[in-house]
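J.: Generate coordinates for the sequence data below:
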Amino acid sequence: MSIINTNILSQKGQVHLWQAKSTVAVALERLSSGLRINHTKDDAAGAAIANRFSSQTRGLQQASRNAQDAISLSQTAHGVLDSINERLQRVRELSVQGLSDNLNKQDKDTVQAEINQHLKEIDRLAEKTNFNGLKLLNGGANRISMQVGANDQQTLQLDLTGPGFSTDALGLAGFNIAGPPTTITERNQLTGVAQHIGLYDAATTLSADGVNLPLFYNPSVGYYASDGAEGVVRLNVAATHTTATDTSSVTITPAYDLFNPSLNAGSNDLPALNPNERLLEADGTFYIESRNADDSLSYREANTLLQYEEDWATGYDIDGNPYTYKVYPAQSSYAPSNPEMGSYTAVENDFTIAGIDYNLAAAANVSFVSDSGNSLPSAALVQADSTSEFYIQSGSGSDMRYQRVAAIEQTDRLRLDAVASATTLTGSETFVAVSDSFNFAGNDYALTAVDEVIINYPGAVLVEDTASGDLYLQAADNSYYALSNISEEYDLALTAASQSFTGVDLASAASVSSWATPATDFTAFANVEFSGADFSGLSNLTLVQRNDGLGQWVIRGEQADGSRPTLTRMLTSSLMGNSN
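T.: Predicted coordinates for the structure are as follows:
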C-alpha cells in the first residue's frame, strides 16, 4: 500500500510567513521613501492624481527657467540699445559742433571721421547683437514667443520685427555734416583721388605685374617701362594712400599682356631608327625595342629631344621685294632612357602555371634548360611583379636574361625499400608479380601512375604473397625481402622559351607604332633644359614669347631679390619628354 507523507502544519506556517514578509517589505519601502504610493498597485487612482500634480510641478519649474532666459534676452537687447542711444546722442552733439563755420575743412573732416566711427559701430551692434544665435536688433528675429506657463498658450510675445536699428533703418546712411554726402567709410581710407604720391619715395611700394621694373613717364605717352626684352610697354597706374600708417601703394599693370600665355610649335617627324630597332607602344607610352647581339630584346622608354634655334629667314612681298623675319626651326631626335629592367620576385615554393600547381621546394631535383635542351647557368624561377608572368632568370650582372617558361615536365617516381635480410620461406607461399595497383601500410599506390620505380635491389621485382597479402621484393637469385617502406618523390624540369629579354618583357603588351612628335606647347613641359647663354644667378627659368607682333622668344629667370629679368634671345632649348 502507498503512503504519501505530508506536513500540513508546515505548509500553513510558510504561507503565513510569506504574507508577513510581504507586509513588512511594503512598510519598509514606505518608511524609506516617505511616500505612501510607491507603485501603481499601491493605489492606482492616487498614483494617477499624483502624476498629474508632478507634471504641473515640473512644467512650472521649466517655465520659470524660460522666463529667466527671456529676462536675460531682454536685458541683452536693453543694454545694446542703451549703447546705441548713447552713440546717437554723441552723433547729434558732433553734428551741432560741425555745423559751425568757425571750423576749417580739416577740422570738419575730423568731426566727420568720428561721426563715421559711431555710425559704423551702430551698424556693427545692430548686426552682431544676438542671444543664443538669435539676432535681436537687425529686424530679422521678427516676433518671438516665450513659453512662461506649464500649459499650451501660456506665452508672452516679444516683438523684434524690422526695420531694426541699423543706420539705414535710422535714416542715417551717408550722413555727412559738411561737403557732398558719402557712404560710411573706414577711418584709414581716403575718399576721392589720392594726389601727390611720390613714386620713388621709400614709403611707396611699386608692383608691376609681379616684376620690379624701372618706371618712366612721358607726357605724350604716359607711364611706360622696359619689358626687359629690347622693348617698352605702356602701363596703367593706380595709387592709394593709407592714412593709418601714412604709406602709399602704387599698382602698375601693363596695358596689354607682356607675353603670350603659351608657345606652340608645329609637329616634327622623328628620324628613322637603327635596323635592329623598332618603335612600340604599350599603355600609351612609346618604347624603343632593340635586338642585342645575343638575340635578346631590351626596351627603353622613347623620350625625345626637341631643339629649337632662333634664326632669320628671307621672305618676299607681293611685289617681289625681300624682307627678313624671325623663324624657329626645330630638330627632333630620340633620347631614350636606360633599358627598362623591370621588377621580379624569386619563386621558392608553390606556383601555378596553366592551371597546374607545382612546388619547387618539394621537388627532389629542379633543372632549367633552354629550348635547345642546354642547361642554363645560374638559373632560377622568378615572377614579374607587373604582369605576374613566370620567367626563367639566368646569368648574372649585365648578362642577366629573362625567358618565359615554355614547358614544365614533372617526373614522378616511387622508391621501394625492403629489409636488409632475406625472408625465410615455409614453402607454402605463392607469389604473384604486382603490375599495377597495390596497398601498403594503409595507402594505395599504382605503378602505372608514376614515371619511374626505384628498387634498392638490382633486378628485383615487387611481388605479393597470395595467401597473406604481404609484399616482397624478389631478387634475381629468387630470394625474397619483405617490403619495409615506400616513398614518393618527383623532379621538375623547366624549359625556357627561345626569346630572351635583358629586362622587362613588353613583346606581348606592345604594338608596333609610328610616332611623329606632336605640336608642342612649351609651357606644358616641366623639364626644359636651356643652353647657349649665361644663366648663372637665375632660378625658375621659363620660356616666353613677346606679345608685340614680332613673337620673339625670350627666356625669363628670377634673381635672388625677386626681380625677373629676361634674356633677349633663345639660342638653343632642349625639351625632354615622352608621348604621355
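J.: So what's the model's average confidence on the longest strand along the chain?
T.: In the chain, with assignment by DSSP state E, the single longest strand is strand 480-501. The average pLDDT for strand 480-501 rounds to 90.
J.: List the buried residues of that strand.
T.: By neighbour count with 16 or more other CB atoms under 10 Å, strand 480-501 contains the buried residues 480-481, 483, 486, 489-492, 494-497, 500-501. Heads up, the C-betas are built off the backbone N, CA and C, glycines and all.
J.: Redo those as TSV? Include distance to Ala70.
T.: Output for these, formatted as TSV (distance: CB to CB, whole Å):
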residue	distance to Ala70
Tyr480	114
Tyr481	111
Leu483	105
Ile486	98
Glu489	94
Tyr490	92
Asp491	95
Leu492	90
Leu494	90
Thr495	94
Ala496	91
Ala497	90
Ser500	91
Phe501	85
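J.: Of the residues you listed, which is the nearest to Gly139?
T.: Using CB to CB, Phe501 is the member of the buried residues of strand 480-501 that lies nearest Gly139, at 80.3 Å.
J.: Contact partners for the closest residue to Asp385 other than its chain neighbours?
T.: Leaving aside its sequence neighbours, Asp385 sits nearest to Ser343 (CB to CB, 6 or more residues apart in numbering; 4.3 Å). For Ser343, the contact set (CB atoms under 8 Å, 6 or more residues apart in numbering) comprises 384-386.
J.: what's the single longest helix in the chain?
T.: What stands out as the longest helix in the chain, according to DSSP state H, is helix 44-98.
J.: which helices and strands sit right next to it?
T.: helix 105-128, strand 130-131, strand 140-147, strand 155-161 (3 or more CB pairs under 8 Å, 6 or more residues apart in numbering; DSSP states H and E).
J.: same thing but at 6 Å, please
T.: helix 105-128 (3 or more CB pairs under 6 Å, 6 or more residues apart in numbering; DSSP states H and E).
J.: Just the buried residues of the helix it packs on, please?
T.: For helix 105-128, burial by neighbour count (16+ other CB under 10 Å) applies to 108, 111-112, 115-120, 122-123, 125-126.
J.: what sits up against it?
T.: Helix 105-128 is contacted by residues 80, 84, 87, 90-91, 94, 97-98, 137-138, 164-167, 172, 178, 184, 187 when judged by CB atoms under 6 Å, 6 or more residues apart in numbering.
J.: Could you list the low-pLDDT ranges of the stretch 201-350 of the chain?
T.: 201-222, 224-233, 241-246, 254-268, 306, 308-310, 317-318, 325-330 (pLDDT under 70).
J.: which element follows the helix or strand harbouring Leu279 toward the C-terminus?
T.: Assigned by DSSP states H and E, Leu279 belongs to strand 277-282. Note on strand 277-282: by DSSP H and E, the next helix or strand toward the C-terminus is strand 285-291.
J.: Which residues belonging to the strand holding Leu279 are considered buried?
T.: In strand 277-282, counting by 16+ other CB under 10 Å, buried: 277, 279-282.
J.: helices or strands up against that strand?
T.: Using 3+ CB pairs under 6 Å, 6+ apart, strand 277-282 sits against strand 285-291.
J.: which other helices and strands contact the next helix or strand after the strand it packs on?
T.: For strand 285-291, the following helix or strand on the C-terminal side (DSSP H and E) is strand 297-301. Strand 297-301 is packed against strand 285-291, with contacts defined by 3+ CB pairs under 6 Å, 6+ apart.
J.: Direction included, what does the strand it packs on pair up with?
T.: strand 277-282 (antiparallel), strand 297-301 (antiparallel) (DSSP bridges).
J.: so is Thr23 in a helix, a strand, or just coil?
T.: Three-state call for Thr23 (DSSP: H, G, I helix; E, B strand; the rest coil): helix.
J.: Any idea how many residues pack against it?
T.: By other CB atoms under 10 Å, the residues close to Thr23 number 10.
J.: Please name the nearest non-neighbouring residue to Val461.
T.: That would be Gln474: by CB to CB, 6+ apart, it lies 5.3 Å from Val461.
J.: ignore the last one, Asp350
T.: In space, Asp350 is closest to Asn359, 5.2 Å off (CB to CB, 6+ apart).
J.: Let me see the backbone angles for the one you found.
T.: Main-chain dihedrals, Asn359, degrees, to the nearest 10: phi -140, psi 110.
J.: Relative to Leu235, how far out is it?
T.: According to CB to CB, to the nearest Å, Asn359 and Leu235 sit 80 Å apart.
J.: Show me where the stretch 1-150 of the chain dips below the pLDDT cut-off.
T.: 1-6, 26, 30, 33-44, 46-48, 50.
J.: Quick one: mean pLDDT over stretch 431-446.
T.: Per-residue scores along stretch 431-446 average to 88.
J.: Which residues outside it are in contact with it?
T.: So stretch 431-446 is contacted by 447-448, 461-466, 471, 486 (CB under 6 Å, 6+ apart).
J.: can you do 8 Å?
T.: Counting by CB under 8 Å, 6+ apart, 414, 447-448, 461-466, 471-472, 474, 480, 483, 486 sit against stretch 431-446.
J.: residue ranges of the strands in the stretch 351-500 of the chain, please?
T.: 356-359, 365-369, 380-384, 390-394, 401-418, 431-433, 437-440, 443-446, 452-455, 461-465, 471-474, 480-501 (DSSP state E, counting those that start in this stretch).
J.: Dump the ones you listed to TSV, plus distance to Ser511.
T.: Formatted as TSV, these follow (distance: least, CB to CB, whole Å):
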stretch	distance to Ser511
strand 356-359	31
strand 365-369	31
strand 380-384	19
strand 390-394	21
strand 401-418	19
strand 431-433	61
strand 437-440	53
strand 443-446	49
strand 452-455	46
strand 461-465	58
strand 471-474	62
strand 480-501	17
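J.: now for those strands, which one comes closest to Leu73?
T.: strand 380-384 (74.2 Å).
J.: what inclination does the closest one have with respect to strand 390-394?
T.: Strand 380-384 runs at 130 degrees relative to strand 390-394, counting by axes from the mean of the first three to the mean of the last three CA atoms, to 10 degrees.
J.: which residues touch the closest residue to Ser95 other than its chain neighbours?
T.: Counting by CB to CB, 6+ apart, the nearest residue to Ser95 once its immediate chain neighbours are dropped is Ile177, at 5.2 Å. Applying CB under 8 Å, 6+ apart to Ile177 gives the contacts 94-95, 98-99, 108, 111-112, 115.
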